[in-house]
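Q: What would the 3D arrangement of this be:
(one chain, ligands or ions: 1)
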Amino acid sequence: MQQKLNQLEQQALAELEQVTSQENLQAWKVKYLGRSAKLADITKNLKDVPREERPQVGRRANEVKQALEGSYQKRLENLQDAAMIQNLEKDRLDVTLPGRPVQPGRLHPTTRTHREIYAIWAEMGFQMYRSREVESDDYNFTYMNMPPHHPARDMWDTFYTKQEGVILRTHTSPGQMRVMRERAPEPIRVIVPGMCYRYEQISARSEIQFNQIEGLAVGEKITFSDLKGTLNSFARRFFHQGVRTRFRANHFPFTEPSAEMDVECFVCGGEGCSVCKGTGWLEILGCGMVHPTVLKYGGYDPEKYSGFAFGMGPERITMLKYRIPDIRYFWANDLRFLQQF
Ligand code: DAH
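A: Below is the predicted model of the structure:
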């Protein structure tokens, strides 16, 4: 019986040496340590062993069992380690490889110009006022001193809607009226930025959709020199400290007097070139003293209050600044254009 146990032990350990997978290991376990294994039989049938041999056989059977269990456990750990190492090899990560470059996004050139302009006006004490893009005919025209059928309305080609009296704003000027009616008779310093729409033939110079930034200051004793000083100050901050400007008389229905402001051409420095068409000057905005009729519509007594207003086109200014030849690039979403900014 002793011999039988020795043999069993040897055979089991030899076979264990050959086991290379966890499935085979389980099979081995069933075969040698399972309930119907030979070793289990011997232990179960210990009563058939002659009395005097019984303690020794029992002890030996236990030893063999412990030896097999210990070897099994070791083998299991070995196989698990090997499996883990194999997995690590297979899913190897080379942390020294360079990463994939991430293309950073960038701001649209119009957005950049807007932000620069906002910051300058904020510094000068102007608040931001947002006004609607879908406007009434009255706000866009009538209250801006252009009664129905007035020929001045033809300055703007308008998008009408199916609803009588509802249009897309052709300029940000109706924003002036919205602020005045909200704030009267308080003093006002605001800019009104946003999208405007015009029913025009799209070309290099005109789009049906573009931005404007309106400005409005209303209060007591505001004069034309306030207008000039404020706009000059803006130009110096936006272009450069020494920039020269000039005001040319013009006409807008909602201001009196009205003007356009030019800055000296920053391409040729005033010498005359193709960008300024030989004049040495670039027009950047329209402006003027708020017309008494507009003040009245806004709820301000023109005998007591006065104000100035201006309107500029950030796309146009961006085109001048970066010498962009065609306004259609702004909405074409062509990366070759956008990535230059
Ligand atoms: N609304 C004018 C336009 O679209 C621009 C303008 C001119 C606005 C003079 C003003 C202003 O506030 O005073 O052409």
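
Q: all contacts plus neighbour counts: C-alpha atoms, from now on.
A: OK.

Q: what residues does the stretch 201-341 of the chain put near the ligand?
A: Within the stretch 201-341 of the chain, the positions near the ligand by C-alpha under 6 Å from any ligand atom are 214, 252, 255, 286-288, 309-311.

Q: how does it look with 8 Å?
A: Contact residues, the stretch 201-341 of the chain versus the ligand (C-alpha under 8 Å from any ligand atom): 212, 214-216, 252, 254-255, 258-260, 285-290, 308-312.

Q: do stretch 182-194 and the ligand meet at all?
A: No: judged by C-alpha under 8 Å from any ligand atom, stretch 182-194 makes no contact with the ligand; its nearest approach is 9.8 Å.

Q: buried ones in that stretch?
A: Residues of stretch 182-194 classed as buried by neighbour count (16 or more other C-alpha atoms under 10 Å): 184, 188-194.

Q: Also stretch 130-150?
A: Result for stretch 130-150 [16+ other C-alpha under 10 Å]: buried residues 131, 133-146.

Q: since we're on residue 108, how many residues are nearby?
A: 17 (other C-alpha atoms under 10 Å).

Q: ugh, typo on my part, it should be residue 47
A: 10.

Q: Can you classify it by secondary structure?
A: Using DSSP: H, G, I helix; E, B strand; the rest coil, the secondary structure recorded for residue 47 is helix.

Q: which ones are touching it?
A: Applying C-alpha atoms under 8 Å, 6 or more residues apart in numbering to residue 47 gives the contacts residue 54.

Q: Please parse this structure into its domains.
A: 2-90, 109-338 (automatic domain parsing).

Q: Show the residue spans covered by the strands in this protein.
A: According to DSSP state E, the chain carries its strands in the segments 127-128, 134-136, 166-168, 188-197, 209-219, 245-252, 255-264, 281-290, 306-312.

Q: sorry, back to before: with mean pLDDT and distance to residue 100 as new columns, can the domains of the chain be given to me in TSV?
A: Converted to TSV, these look like this (pLDDT from 0 to 100; distance: least, C-alpha to C-alpha, whole Å):
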stretch	mean pLDDT	distance to residue 100
domain 2-90	86	22
domain 109-338	94	20
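
Q: hey, which of the ones you listed is tucked in deepest?
A: Counting by mean count of other C-alpha atoms under 10 Å, domain 109-338 has the highest mean neighbour count of these, with a mean of 18.

Q: End to end on that one, go ahead and measure it.
A: Using C-alpha to C-alpha, to the nearest Å, the span of domain 109-338 from its first residue to its last is 7 Å.

Q: what does stretch 249-262 give?
A: For stretch 249-262, the end-to-end distance is 11 Å (C-alpha to C-alpha).

Q: do the same with stretch 31-38
A: By C-alpha to C-alpha, one end of stretch 31-38 lies 8 Å from the other end.

Q: contacting residues around that stretch?
A: 12, 30, 39-40, 65, 68-69.

Q: please redo it, this time with the cut-off set to 7 Å
A: Residues outside stretch 31-38 that contact it (C-alpha atoms under 7 Å, 6 or more residues apart in numbering): 12, 39.

Q: chain center to it: distance?
A: From the chain centre to the centre of stretch 31-38 is a distance of 68 Å (C-alpha atoms, centre = their mean, to the nearest Å).

Q: Kindly report the same for stretch 321-340.
A: 19 Å.

Q: List of residues touching that stretch?
A: Residues from elsewhere that reach stretch 321-340, judged by C-alpha under 7 Å, 6+ apart: 108, 204-207, 319.

Q: Show me the residues you listed that map onto helices.
A: If you go by DSSP state H, these have residue 319 in helices.

Q: Residue 219: what's it in contact with?
A: Here residue 219 is in contact with 187-188, 305-307 (C-alpha under 7 Å, 6+ apart).

Q: Could I get the phi/psi values of the closest residue to it other than its chain neighbours?
A: Distance criterion C-alpha to C-alpha, 6 or more residues apart in numbering; nearest residue to residue 219, sequence neighbours excluded, is residue 187 at 4.6 Å. Backbone torsions for residue 187, taken as degrees, to the nearest 10, come to phi -70, psi 150.

Q: how near is residue 187 to residue 150?
A: 30 Å.

Q: same thing with residue 276?
A: 33 Å.

Q: got it, and residue 32?
A: For residue 32, the distance to residue 150 (C-alpha to C-alpha) stands at 108 Å.

Q: go on, residue 157?
A: 14 Å.

Q: returning to that earlier point: closest one of the contacts of stretch 321-340 to residue 281?
A: Of all the contacts of stretch 321-340, the one with the least separation from residue 281 (C-alpha to C-alpha) is residue 319, at 14.6 Å.

Q: just to revisit the earlier point, widest-spaced pair of the buried residues of stretch 182-194?
A: 184 and 194, at 22.7 Å, using C-alpha to C-alpha across those.
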